[in-house]
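**Student:** The sequence isn't on hand, but the structure is:
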């Protein structure tokens, strides 16, 4: 199947600093990418939908100025957690949908990034 | 609003025995339902889907799921469990208010499946 590379797999940062997470579709083009946040023993909560060449669409309750999303190309989306605080510590997962598809099986997931803010 | 519920946080099964991971859904209209599996430190992998057609859907790794409209359920099953099936399983439904490439998937809370040798 298609591969989505997410980097870094884990990061530790000091409170107040910013952290960038990259999500790349390696062998397909992705018009749309999704960013999720997963708490321990909880489901994936959709944070935002990232569209290539346009502004991201954020879910209710997600601060767009806090979680900056850039989808500069059909193979790369980035999530920047700005001025990170301990409550931002979580497991972040991206997924990418192959161009021209709209069903779940064409949605490929990255391996996730564990963010720990000290 | 669409939603799925997974009533069990954990399911424990002996290797070789059949397994069932439960999922119920709440959707207005016909549901698009999915099962995903998450192995440790890895992203989610698609297992199977139901959109229309036969109520029994077969998927990857020998898994299958049965769509039951009257019970609004979509339970995941496997006739004979393997230790390697141990993972976190998510039931999901398509958000019918979104469409095309931007269609969203709404996930259940996940069920941890543990298969003992």
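**Tutor:** Noted; the coordinates are in hand. Everything quoted here is computed from the prediction, not taken from an experiment.
**Student:** what sits against the closest residue to chain A within chain B?
**Tutor:** Taking C-beta to the nearest C-beta, chain A has its nearest neighbour within chain B at residue B:43, 3.3 Å off. Yep, even glycine has a C-beta here, placed from its N, CA and C like the rest. With contacts defined as C-beta atoms under 8 Å, 6 or more residues apart in numbering or on different chains, residue B:43 is in contact with A:4, A:6, A:93, A:95, A:108-112.
**Student:** Just give the closest residue to the spatially most central residue of chain A, not the sequence neighbours.
**Tutor:** Centroid-nearest residue in chain A: residue A:35, 3.4 Å away (criterion: C-alpha atoms, centre = their mean). The shortest distance from residue A:35 to any non-neighbouring residue, by C-beta to C-beta, 6 or more residues apart in numbering or on different chains, is to residue A:47 (4.6 Å).
**Student:** So what sits opposite the residue nearest to the centre of chain A in the bridge?
**Tutor:** As for beta bridges, residue A:35 partners with residue A:48, residue A:94 under DSSP bridges.
**Student:** Would you map the strands across chain A?
**Tutor:** For chain A, the strands defined by DSSP state E occupy A:4-7, A:10-13, A:19-25, A:30-38, A:44-51, A:57-58, A:67-73, A:76-81, A:90-98, A:107-109, A:113-117.
**Student:** so where's chain B shaky on pLDDT?
**Tutor:** Of all residues in chain B, those with pLDDT under 70 make up the ranges B:99-102.
**Student:** Is the residue nearest to the spatial centre of it bridged to anything, and to what?
**Tutor:** When chain B is reduced to its mean C-alpha position, the closest residue under C-alpha atoms, centre = their mean turns out to be residue B:35, at 3.1 Å. Listed beta-bridge partners, residue B:35: residue B:48, residue B:91 (assigned using DSSP bridges).
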